[in-house]
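Q: take a look and give me a structure for this.
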Amino acid sequence: MGIDWFAFLTVAIVAVVSACFVVLVYSVGLRLWSAADTRAGKYTVKDDGTVGPATAGFPQPGTVQPGVRAFRALAVACFAVSGLAVLYGIYLIVPQFH
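A: Numbers count the residues shown, from 1 in each chain. You can find the predicted model right below:
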């Protein structure tokens, strides 16, 4: 009885790449959500580079910069893709689902 090292290496590489993919897509979704909040006027970038809550309150709906809805939609799409990748991994691991 021997160990199939090529199969072991294949599983290890796929696991690492898949984990990096899920983390990358989720973090891009968080960044897009944050960018949408900043464009919507919920946060402002100060002169020293720090980010804080907007001091003038929330802008009126007509004054919101364009692209907020696009950023939110892309963020939700990233969250959905990462969630589907996790669910697909669970599907592959649990033999009762096959």
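
Q: nearest residue to the residue sitting nearest the centre point of the chain other than its sequence neighbours?
A: Centroid-nearest residue in the chain: Y26, 1.9 Å away (criterion: C-alpha atoms, centre = their mean). Among residues not flanking Y26 along the chain, S82 sits closest, at 4.3 Å (C-beta to C-beta, 6 or more residues apart in numbering). To be clear about C-beta, it is placed using only N, CA and C from the backbone, and glycine gets the same treatment.

Q: same for the strand or helix carrying the one you found, what does it pack against?
A: For S82, the enclosing helix or strand under DSSP states H and E is helix 68-93. Contacts defined by 3 or more C-beta pairs under 8 Å, 6 or more residues apart in numbering; DSSP states H and E place helix 68-93 against helix 5-40.

Q: hmm, back to that, and the helix holding S82, what's buried?
A: Within helix 68-93, the residues that qualify as buried are V68, F71, R72, L74, A75, C78, F79, V81, S82, A85, counting by 16 or more other C-beta atoms under 10 Å.

Q: quick one on the thing from earlier: just the pLDDT for the residue nearest to Y26.
A: On pLDDT, S82 comes in at 98.

Q: for G67, see how far away Y88 is.
A: Using C-beta to C-beta, to the nearest Å, one obtains 31 Å as the distance from Y88 to G67.

Q: quick revisit: show the pLDDT at the residue nearest to the centre of the chain.
A: So, for Y26, pLDDT stands at 98.

Q: no further queries at this time; thank you.
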